[in-house]
Structures are given as structure tokens and as C-alpha cells.
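Trainee: sequence unknown, structure follows:
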């Protein structure tokens, strides 16, 4: 069932006007998702997918929260041999979601990050949005005071 859904999404993405980097990233992530068992050496293919996704980020600029989610996927890959939970599948699903989100195949309300709401609501530039988010992460009260100004 998952393989069929992956094939449909891959076909839709491949026929779209998405960049080649996104198409290549989706193909590599789909390869990991359709195998019945994911072993540590299979996750090398996911690294290729992440590299193409990073290349797409370099061309168009990262979306808010995308680098953080890629870091989480990398952490899931690193802890794969240490835990008994299928973190490789979780990492592949996270990367696949980032790819289809960047390609525009996810509805806006599902693909939006909380950071986007802060950036569009009260802050004018991307630099001040990044500063505001950093302040919220460091200390929520400081970030809240900055937003009220």
C-alpha cells in the first residue's frame, strides 16, 4: 500500500515542473520507502536524497524550519544502529515530506510551519524573523516582549 502511494506521488512529482533536484531527491527517498526492510546500509540512499534536497534549498532558499527538520532526520539516521525502533523509516518519511512540501504537493495548512506565522504576522524582514525565532528558542519571555514592540 505504501509502495503504491509512493509511486503515485513520484509520478505526479516527475510530471510536474519541479526542479530536477527535487525529482532526484524524491526518487532516492522513494527507493528507501518501498523496500520491505530498511537496514543501515540502505540509509546511504537517503543521504543522497538529503543532498539533492539541500541543493534545492541552496537554489531557492530554505523554508522556515526546513534545516531543523533535516537535522532531526540526520539524528534519526545516526541513532538507527543504537535503538530497536525503526528510526530509518521515520527519517525516510520526514525527508519525503520535506520534498513533497517543497514541491508544493502538500496543502498549505499542512505544510506550514509555526515560524511562517511569526514571520508574516509581525516581522518585516527575514533577518528579523530569524532573530525573533532565536529569541523565542532561547527565552520565550524575551521573544514575546520583542514581538509586542
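Mentor: Thanks, I have it. These figures come from a predicted structure and were not determined experimentally. Residues are numbered from 1 along each chain as shown.
Trainee: excluding its backbone neighbours, what's nearest residue 27?
Mentor: residue 10 (6.7 Å; Cβ to Cβ, 6 or more residues apart in numbering). Any C-beta I mention is one placed from the backbone N, CA and C, and that applies to glycine too.
Trainee: show me what contacts that neighbour?
Mentor: Counting by Cβ atoms under 8 Å, 6 or more residues apart in numbering, residue 10 makes contact with 26-27, 30.
Trainee: Most neighbours out of the residues you listed, which is it?
Mentor: residue 26 (28 neighbours; other Cβ atoms under 10 Å).
Trainee: Secondary structure element holding the residue positioned nearest the centre of the chain?
Mentor: Nearest to the mean C-alpha position of the chain, by Cα atoms, centre = their mean, lies residue 98 at 3.1 Å. Following DSSP states H and E, one finds residue 98 within helix 87-103.
Trainee: what's that helix packed up against?
Mentor: helix 2-15, helix 20-34, helix 43-60, helix 66-78 (3 or more Cβ pairs under 8 Å, 6 or more residues apart in numbering; DSSP states H and E).
Trainee: so which of the ones you listed is the most packed in?
Mentor: Compared across the helices and strands packed on helix 87-103, helix 20-34 shows the largest average neighbour count, a mean of 21 (mean count of other Cβ atoms under 10 Å).
Trainee: Pull the residues that contact it.
Mentor: Contacts of helix 20-34 (Cβ under 8 Å, 6+ apart): 2-3, 6-7, 9-10, 13-14, 38, 42-43, 45-46, 48-53, 55-56, 59, 88-89, 92-93, 95-96, 99-100, 102-103.
Trainee: Now find how far off-centre it is within its chain.
Mentor: What separates the centre of helix 20-34 from the centre of its chain is 13 Å, taken as Cα atoms, centre = their mean, to the nearest Å.
Trainee: same check, this time on stretch 99-109
Mentor: 10 Å.
Trainee: what mean pLDDT would you report for stretch 102-120?
Mentor: Stretch 102-120 shows an average pLDDT of 57 in the prediction.
Trainee: For residue 39, which phi and psi angles does the backbone take?
Mentor: phi -110, psi 170 (degrees, to the nearest 10).
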